[in-house]
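Asks: I would like the atomic coordinates for the input below:
(one chain, ligands or ions: 1)
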Amino acid sequence: MSCRLSAGTSTLWNQLRTHPDVAWVGKDKETLYFNGDVEFGRSALCDNDLEAYHREVGAMRRSTGRLDLLVGDWSATYLTCVCCPTVLRTINPDIKLVLVLRDPVQRALSRFIEQKSLGGGPHHDKVHNHTFESYVGAELAELEACRGRAELYRRRQARLQAAQQGQPAGAAGDSGNGTGGGFRGWGAGMSLGDWMEAQCYERSNILGWSVYDTFLANYLAHFPHSQMLVLYTDELAIDPLQVLRKLEAHLGLRPHDYAPGPLGTVYNARGCYVLGATLQQLRASELGSRQAVQKMLDTAQAARAAEEAEEASLRRAAAKLASFYRPHVQRLFRWADEGRIAQPPAAWREAYK
Ligand SMILES: Nc1ncnc2c1ncn2[C@@H]1O[C@H](COP(=O)(O)OS(=O)(=O)O)[C@@H](OP(=O)(O)O)[C@H]1O
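Replies: Residues are numbered from 1 along each chain as shown. Coordinates of the predicted model:
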């Protein structure tokens with residue numbers, strides 16, 4: 001299983017773990033076994049010890065005395081790991097994959113707020129002096145520059161390819177991964193330019209990890225779409241039981257009678273479903289102390305003006321990000337229309353049209 005960070009993976013895990021036929025490697029939710037998590041400054045661990053991993057799976061089955069137990073891996077970092085699809089396919093070509101995608105702007109905002117409020121968080125230093133708007137401005141500029149450099153390599157490779165084939169320059173141009181039916185993954189035809197572009201997003205945990213199409217194309221190059229279930233956080237919010245039923249059907253599990261407790265619980269909530277609701281959190285962290293907030297609230301007019309300014313700032317950042325993500329989300333729409341992935345929520349169509 002591979003899930004999206006900040007997309008409701010903890011909620012889904014807490015629900016599915018109560019299924020009697022399901023277990024997972026490692027003690028807690030995530031092992032991050034095949035990628036050391038770029039965010040902690042370590043590179044991918046795709047060559048990590050395979051025997052030890054298999055032993056963990058075996059130990060889980062032995063400890064329960066159930067050889068038929070379905071053992072999964074809930075690492076939320078595998079989607080953005082470029083070498084992971086190759087590894088997972090080699091380990092188990094029949095693996096069932098599950099991705100949970102959240103509205104890209106909402107995911108980025110959720111991650112930003114989390115890292116801003118988490119003193120020891122891996123990205124805290126990058127964000128603690130920023131408002132969301134200033135962070136988006138700085139990080140997007142870096143991402144765009146990185147993508148521009150990747151594009152130079154992509155063009156150069158296309159020129160060389162055209163020359164080798166005796167074609168005029170530009171004839172062997174890159175038609176775009178995932179267009180016209182074919183996907184090219186890492187170790188499965190991915191071009192240098194595509195790889196470099198994926199690295200730009202992979203190394204940008206807060207904004208880049210919401211560029212889902214790049215990472216999904218890599219998985220779709222390695223696995224038929226029947227092995228990949230794409231879920232959306234929106235459906236988890238509306239009808240968690242239906243999501244679990246989809247998961248069970250995908251994994252070949254019998255339907256389980258889930259307890260209402262975990263089913264009705266939202267885990268790891270930081271509260272930003274509605275932009276307005278996020279403001280309180282942002283305000284508390286940006287102003288530093290409750291007294292500062294209180295002082296400001298004492299002057300009602302100043303508070304209202306500040307609130308409006310913050311709301312406007314948040315909306316500007318969200319709009320800027322939405323235009324950055326638009327072409328990427330539109331590729332997801334296309335793949336959904338072609339029947340390769342589940343249809344994204346209607347709200348996405350509206351937000352990214
Ligand atoms: N059922 C349901 N419906 C809608 N949204 C939900 C649900 N469960 C969790 N969430 C939201 O998902 C965010 C936490 O996701 P993760 O558990 O994957 O993140 S993490 O592991 O803490 O990084 C976190 O988002 P924010 O509150 O916006 O930060 C949760 O509120």
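Asks: switch to C-alpha atoms for all contacts and neighbour counts from now on
Replies: OK.
Asks: distance of residue 309 relative to residue 303?
Replies: Going from residue 309 to residue 303 by CA to CA, to the nearest Å gives 10 Å.
Asks: more neighbours: which of these two?
Replies: residue 303 (16 against 12; other CA atoms under 10 Å).
Asks: mind checking the pLDDT average for the helix or strand that one falls within?
Replies: Per DSSP states H and E, residue 303 falls inside helix 300-337. Across helix 300-337, the average pLDDT comes to 95.
Asks: who does that helix touch, helix- and strand-wise?
Replies: helix 104-117, helix 132-164, helix 212-222, helix 275-287, helix 290-298 (3 or more CA pairs under 8 Å, 6 or more residues apart in numbering; DSSP states H and E).
Asks: can you rerun that using 7 Å?
Replies: Under the contact definition 3 or more CA pairs under 7 Å, 6 or more residues apart in numbering; DSSP states H and E, helix 300-337 sits against helix 104-117, helix 132-164, helix 212-222, helix 290-298.
Asks: which one of those helices lies closest to the ligand?
Replies: helix 104-117 (4.0 Å; CA to the nearest ligand atom).
Asks: pull out the buried residues from the very next helix or strand once past the closest one.
Replies: Counting by DSSP H and E, the next helix or strand C-terminal to helix 104-117 is helix 124-127. Buried residues in helix 124-127, counted by 16 or more other CA atoms under 10 Å: 124, 127.
Asks: over to stretch 118-135?
Replies: 123-124, 127-128, 131-133, 135.
Asks: equivalent analysis for stretch 12-30, please.
Replies: For stretch 12-30, by 16+ other CA under 10 Å, it's 12-16, 19, 23-26, 29-30.
Asks: would you mind giving the residues you listed as a markdown table with pLDDT and secondary structure added?
Replies: As requested, those are exported to a markdown table (pLDDT from 0 to 100; DSSP: H, G, I helix; E, B strand; the rest coil):
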| residue | pLDDT | secondary structure |
| --- | --- | --- |
| 12 | 90 | helix |
| 13 | 89 | helix |
| 14 | 89 | helix |
| 15 | 91 | helix |
| 16 | 92 | helix |
| 19 | 95 | coil |
| 23 | 91 | strand |
| 24 | 89 | strand |
| 25 | 88 | coil |
| 26 | 81 | coil |
| 29 | 83 | coil |
| 30 | 82 | coil |
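Asks: ok, so of the residues you listed, who is nearest the ligand?
Replies: residue 12 (7.3 Å).
Asks: list the contacts of the closest one.
Replies: By CA atoms under 7 Å, 6 or more residues apart in numbering, the contact set of residue 12 is empty.
Asks: same question for residue 14.
Replies: Applying CA under 7 Å, 6+ apart to residue 14 gives the contacts residue 262.
Asks: tell me how far it lies from residue 324.
Replies: Distance of residue 14 to residue 324, computed by CA to CA: 33 Å.
Asks: kindly report the same for residue 104.
Replies: In terms of CA to CA, residue 104 sits 10 Å off from residue 324.
Asks: same check, this time on residue 162
Replies: Residue 162 is 31 Å from residue 324, by CA to CA.
Asks: thinking again about what came up before, where do the contact lists of residue 309 and residue 303 overlap?
Replies: Contacts common to residue 309 and residue 303, judged by CA under 7 Å, 6+ apart, are absent.
Asks: hang on, the earlier thing: neighbour count: residue 104 and residue 324, which is higher?
Replies: Taking other CA under 10 Å, residue 104 and residue 324 do not tie; residue 104 has more neighbours (24 against 17).
Asks: not counting sequence-adjacent ones, nearest residue to that one?
Replies: Spatial nearest neighbour of residue 104, excluding adjacent residues (CA to CA, 6 or more residues apart in numbering): residue 210 at 4.9 Å.
Asks: what's the local residue count around that neighbour?
Replies: Residue 210, neighbours per other CA under 10 Å, totals 27.
Asks: residue 344 in helix, strand or coil?
Replies: coil (DSSP: H, G, I helix; E, B strand; the rest coil).
Asks: which ones are touching it?
Replies: 232, 333.
Asks: distance-wise, check it relative to residue 321.
Replies: 18 Å.
Asks: over to residue 99?
Replies: In terms of CA to CA, residue 99 sits 22 Å off from residue 321.
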